[in-house]
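# turn this into a model:
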Amino acid sequence: MTRTREVTFQIEAAARRALELSGEGDIVVGIFSEIAERSNSGAEVSVTLVPQSQRTITSEGFANLWREQVGNIPDLESLFFDYVFGPGGSAEIEIELAHPEVETLRLAAADVAEAISRYPGVEDIRKGFGQEMPQLNFEIKPEGRSLGITARELGRQIRHAFYGAEALRQPRDRDEVRVMVKLPKEDRRSRSGLEDLLIRAPNGGEIPLRQAADILQTNAPVRIERVDGSRVLDVTANVIPGVNNGNTILSVLSKKELPAILSKYPGLRYSFEGEQREAIQELSRGLVASLFAIFAIMASLLRSYLQAFIVLLTIPWSLAGAVVGHVLLGFELSIFSIFGMIALCGMVVNGGFVLAVTRNRYLESGVPLHEATVLAAQRRFRPIFLTAITTFLGLVPIIFETSVHSLFLVPMAISLGIGTLVSTFVVLILIPVVFVALENAGRLRRESEPSQADGDALLTTRAL
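I've put the predicted structure just below:
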């Protein structure tokens, strides 16, 4: 705990040096530290800066400057830097490993961390485990069992002797004071004091702890994490933006290094974790359900499963346009991109649905199939095009926003704006082409059926 506090103060001092080197005067709102919040050897230091509009240095730039000022601390197990200007705050790479044996799990985590470190742009790698703390285990001897001493009773008496047993509660004003009774301090600071501790048996007899149980000195992890009853370790890392991409690294890892590690440690399991990936999984299930609902509604109104399926063809092409828009504008796909794509799926089917309804009305009035498709596209060109272009123009200010605090919204606007523009060409070009192609295919099939029937009749006549 003392060393953890010292390192925390060093990191705080490094943050203040980084603020001075930034050369921007007073841009800090406050520095907040948490020591031993999750474990005795862990701490967290947070620096809150003024809004980006009031400073020139970015959050990423300050984090890099802070990292340089911290330097190398010899006994530091792991160091993790992160900066947040919107929703987020978790590591971009997070791999959860599970295995029944602790030592195998630690070796596998070290191998995974080593594999991640070979990729460019990866920093702040954490293996998920650190230095173990000393621990004393107690195994009851036959002498202790003969007196009826159980592991539960032994642990309770040792806890009361060193932590304290509540003897009295005394009210004082609005508070309540608890009086704890435990061994004197000098007896609690030595191994001999522990060994000489008298353990009371259920029959009223007493026996020294060294005679009642064996005292074994071992090491134990500071924190134990379990998921569904299995012991797990999380290997995490950050990725420098513009140098590499977390999803790309995980994709390559799953094909190259991770299969070799799984074969090296039988029984090892892994999964890609993180708040964004969990959200994407939940959203994917909801998207599939919504697509089925959209298909059912259009099929019931159009009275055709085939026409409803043709209208749904606008969705994959619009999503492809949204991805291309990210590439052209230099943005990576994020959870907010997925939000925009999900909203896009509900928007782009409107144009195709209106086109199909108009085409069916022309067919009901006796217009030929090919002509009805062309007339429907001509009549609905203006509303479909105007809807797409006005939607895109309304999102342009967000797409080209430069404020750091609004950057996390840009991918969502790109998905909606670019995807809507692409859907215009899909609805006005691809869908009519599909309708006409299916019409020609049906005509050819109908023309081939009489020819086949005449050929069969001719063969029958000749046979007779």
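# check the model's average confidence along the strand or helix carrying Val7 for me.
Following DSSP states H and E, one finds Val7 within helix 2-22. Here helix 2-22 scores 83 as its mean pLDDT.
# after it, next one along is what?
strand 28-35.
# adjacent strands (with direction) for that following strand?
If you go by DSSP bridges, strand 28-35 pairs up with strand 43-49 (antiparallel).
# what sits up against the lengthiest strand in the chain?
For the chain, the strand with the greatest residue count under DSSP state E is strand 230-239. Strand 230-239 has contacts (Cβ atoms under 8 Å, 6 or more residues apart in numbering) with 80-82, 91-100, 102, 105-106, 109, 112-113, 116, 121-129, 224-226, 245-246, 249, 269, 273. All C-beta spots, glycine's among them, are computed from the backbone N, C-alpha and C.
# okay, and for this structure, where does confidence drop off?
Flagging of the chain using pLDDT under 70 yields the residue ranges 1, 25, 36-41, 83-91, 130-132, 221-224, 242, 274-281, 403-405, 443-464.
# now the strands for it?
28-35, 43-49, 93-98, 122-126, 133-140, 165-172, 175-181, 198-200, 206-208, 213-220, 225-227, 230-239, 269-272.
# mind saving the C-alpha coords of the third one as PDB?
Listed in PDB are the C-alpha atoms of strand 93-98, where the atom choice follows Å, rounded to 0.1, in the frame of the first residue of the first chain:
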ATOM      1  CA  ILE A  93      -8.300  -4.700 -27.400                       C
ATOM      2  CA  GLU A  94      -9.600  -7.000 -24.700                       C
ATOM      3  CA  ILE A  95      -9.200 -10.700 -24.800                       C
ATOM      4  CA  GLU A  96     -10.700 -12.900 -22.000                       C
ATOM      5  CA  LEU A  97      -8.900 -16.200 -21.400                       C
ATOM      6  CA  ALA A  98     -10.400 -19.000 -19.300                       C
END
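# report the angle between that strand and strand 122-126.
Per axes from the mean of the first three to the mean of the last three Cα atoms, to 10 degrees, the angle that strand 93-98 makes with strand 122-126 is 30 degrees.
# so this protein: which segments form each domain?
1-89, 133-220, 277-453 (automatic domain parsing).
# columns mean neighbour count and distance to Thr236 on top of those domains, output as a markdown table?
Output for the domains of the chain, formatted as a markdown table (neighbours: other Cβ atoms under 10 Å; distance: least, Cβ to Cβ, whole Å):
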| stretch | mean neighbour count | distance to Thr236 |
| --- | --- | --- |
| domain 1-89 | 14 | 7 |
| domain 133-220 | 13 | 22 |
| domain 277-453 | 17 | 13 |
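# with distance to Lys264 as added columns, please give those domains in TSV.
Converted to TSV, the domains of the chain look like this (distance: least, Cβ to Cβ, whole Å):
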stretch	distance to Lys264
domain 1-89	24
domain 133-220	25
domain 277-453	25
